[in-house]
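Chemist: Quick check, what structure comes out for this input:
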Amino acid sequence: TAWLDEELASFRYLVVGLIDEQVRVAQVVPEGLSEEESSAFGERLTWHDSRWRLVRRHRLSRLAEPLGALGVMLLHALDGRVWEGTLRLAHRLNCAAVFGAGSALDVAQVAHMGRVIDPTRMAFAAATAPLAKAIRQRLDPQVIVDVIPTGVHVPDELPGTASRADPEALCAVITGNGQFDADYLALFTALPAILADYPQAQFFLDGMGSDQHQLWQAARRLDLLSNLSLIPRRLGHRELLLRADVLIHPQALARSRSLTLRAMAHGLPVLARQDRWLDYLIDGQTAWVVDRCKPEPWGELIRRLLDDPQAASTLGRGARQWVQQHRLAATQVEQMRQLYRRATGESLKFPQDQ
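Modeler: So this is what the prediction gives:
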């Protein structure tokens, strides 16, 4: 559930892209997810999610019979939190499996799974090169570990906004896990001096969890509430984030997020905390990167954004071009399809192969 909340767009791209390549796809999604929030294409099975690891694993195992009835040849676990359940299902169904890794938290699980991974029928798809390297170090060299970056759609045209022409009306989105820490504190501490010179600037908080009360309390202590708002979580709210003037990542979350890549694809300047697990944060090319947990670097970059709109625009265009060359959704689908073939050890029975 948590992964879909973050990566719904990626999920849709993958499902639709595979079906377009004539692959039969069965979506396995948590109960309560409306059809509006999942892809309308392909088979659809549901299960009751849980915060408890063992309960989640057990509930996933109940899907063996319906998946077997569909003649499933391969299972793809899109997030580390469903790896264990998927591994059990693969053994019960005697089928291949692919394990998607998008977070450093996934790496920690690899050592525990290594003893039961069948290198002839199971593979890993890492969203970044650093994640792939860490996973390879923990597995038998025979296990396939491919770097398959998250892909996004690059719009043909970028909508213009009045606020980008007026730095006084800056609209910035601050997005992280929503838990107040030293990284948020460093950014928040830099804002009062910025707002003294640009009182019309507005900052909007987007958290990966539903509770951002600690952030609100910190903003109140620093007298930021007149220029800072919480973004309510509802269907489609992430699409609204892409209409901002800049996306700010105050934390190194060690997790690949398609939101960042989508912002780049829309030409938004990205300001981000340095993160060794992410290979798409290239300072000066795809983002302006802060390498210290201090208020001063944040203040300098935000002032640069406000004082030099041309430089910010150049950064956004450069990031958009980089994404177009290296992070397209169509490329991800094709790479994933090839990995499926290798994991199954045979050509999947696609109509065009017949």
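Chemist: For the helix or strand bottoming out on mean pLDDT in the chain, list every residue counted as buried.
Modeler: Lowest mean confidence among the helices and strands of the chain (mean pLDDT, DSSP states H and E): helix 237-241, at a mean of 76. By neighbour count, and taking 16 or more other CB atoms under 10 Å as the criterion, the buried residues in helix 237-241 are 238, 241. C-beta here means a position set from N, CA and C on the backbone, and glycine is covered the same way.
Chemist: which other helices and strands contact that helix?
Modeler: The helices and strands touching helix 237-241, judged by 3 or more CB pairs under 8 Å, 6 or more residues apart in numbering; DSSP states H and E, are strand 202-207, helix 258-265.
Chemist: for the ones you listed, which one sits closest to residue 7?
Modeler: Each of the helices and strands packed on helix 237-241 has some distance to residue 7 by CB to CB; the shortest is helix 258-265, at 5.6 Å.
Chemist: which residues touch the closest residue to residue 120 other than its chain neighbours?
Modeler: With CB to CB, 6 or more residues apart in numbering as the measure, residue 345 is the residue that lies nearest to residue 120, at 6.6 Å, once sequence neighbours are left out. By CB atoms under 8 Å, 6 or more residues apart in numbering, residue 345 lies in contact with 96, 120, 121.
Chemist: Now the buried members of those residues.
Modeler: Neighbour counting with 16+ other CB under 10 Å marks 96, 121 as buried within the contacts of residue 345.
Chemist: Kindly reformat the contacts of residue 345 as CSV containing pLDDT and distance to residue 212.
Modeler: What follows is those, written out as CSV (pLDDT from 0 to 100; distance: CB to CB, whole Å):
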residue, pLDDT, distance to residue 212
96, 96, 41
120, 91, 46
121, 93, 43
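Chemist: give me phi/psi at the residue nearest the centre of the chain?
Modeler: Compute the mean C-alpha point of the chain, and by CA atoms, centre = their mean the closest residue is residue 257, 2.3 Å away. Note on residue 257: backbone dihedrals following degrees, to the nearest 10 are phi -130, psi 120.
Chemist: quick one: the closest residue to it other than its chain neighbours from residue 147, how far?
Modeler: Spatial nearest neighbour of residue 257, chain neighbours left out: residue 6 (6.5 Å); criterion: CB to CB, 6+ apart. When CB to CB, to the nearest Å is the yardstick, residue 6 and residue 147 sit 20 Å from each other.
Chemist: Could you do residue 225 as well?
Modeler: Counting by CB to CB, the gap between residue 225 and residue 147 amounts to 43 Å.
Chemist: One more: residue 252?
Modeler: Look at residue 252 and residue 147: by CB to CB, they are 20 Å apart.
Chemist: Tell me the secondary structure of residue 183, please.
Modeler: Of the three states, residue 183 takes helix under DSSP: H, G, I helix; E, B strand; the rest coil.
Chemist: What is the burial count for residue 242?
Modeler: The local packing of residue 242 (other CB atoms under 10 Å) involves 17 other residues.
Chemist: wait, it sits on residue 266?
Modeler: Yes. Residue 242 is in contact with residue 266 according to CB atoms under 8 Å; the separation is 4.9 Å.
Chemist: Excluding its own residues, what touches the following helix or strand past the least confident helix or strand of the chain? List them.
Modeler: Sequence-wise, the next helix or strand beyond helix 237-241 is strand 246-249, with elements assigned using DSSP states H and E. Contacts of strand 246-249 with the rest of the structure, by CB under 8 Å, 6+ apart, involve 170-176, 187, 203, 241, 259-260, 263, 268-273, 305, 312.
Chemist: Repeat that for stretch 97-116.
Modeler: With CB under 8 Å, 6+ apart as the test, stretch 97-116 has contacts from 7, 74-80, 83-84, 86-87, 89-91, 121-127, 131-132, 134-135, 138-140, 150, 253-256, 277, 336, 339-340, 343.
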